[in-house]
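Asks: Next input, structure requested:
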Amino acid sequence: MVFTKRLREGVRRGEITCSVRIWTRPHVKAGVRYRMEEGEIEVDSITPIGFPDITPELARESGFLGVIDLLNVAKHGRGQNIYLVRFHYVRARRKRPG
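Replies: Numbering: from 1, shown residues only. Okay, the predicted model is just below:
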C-alpha cells in the first residue's frame, strides 16, 4: 500500500491504522504484509463500505482533515468500489552483526 507523504509518519507511529480506498477491485489481502519504506504494513482486514460510511470521524482516523480531504486522495483510477482497510505498521528488524 502506498500512502501520501503527509500520512507516512502517522502510519509509522501507529496513529493511523486504517485507510479508505476507492478501487475497481481489492489491491491488498488481509494477513499479508506490504513494504513501506523501512518497515511493512500488515493488513488486518479489508471491508467493502459505502459513501455513507465515510464519516468525519473515519476521515480523521485515516489521517485526513475531513471527508473531502480523504476523498481527494482515496480514488485510484476508474475505481467505483470503496474499501476500508485496517492495518498496523511493523518495524523492520535490525540485523545482528555476524
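
Asks: the helices in this protein, which residues?
Replies: 5-12, 56-61, 67-74 (DSSP state H).

Asks: Mind putting those helices into CSV with distance to Ile22, mean neighbour count and mean pLDDT?
Replies: Where you see a C-beta, it was placed from the backbone N, CA and C, and this is true even at glycine. Compiled in CSV, the helices of the chain are given as follows (distance: least, C-beta to C-beta, whole Å; neighbours: other C-beta atoms under 10 Å; pLDDT from 0 to 100):
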stretch, distance to Ile22, mean neighbour count, mean pLDDT
helix 5-12, 16, 14, 95
helix 56-61, 13, 15, 97
helix 67-74, 5, 16, 92
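
Asks: right, so of those, which gets closest to Arg25?
Replies: helix 67-74 (15.1 Å; C-beta to C-beta).

Asks: Could you tell me the angle between that closest one and helix 5-12?
Replies: Computed by axes from the mean of the first three to the mean of the last three C-alpha atoms, to 10 degrees, the angle separating helix 67-74 from helix 5-12 equals 100 degrees.
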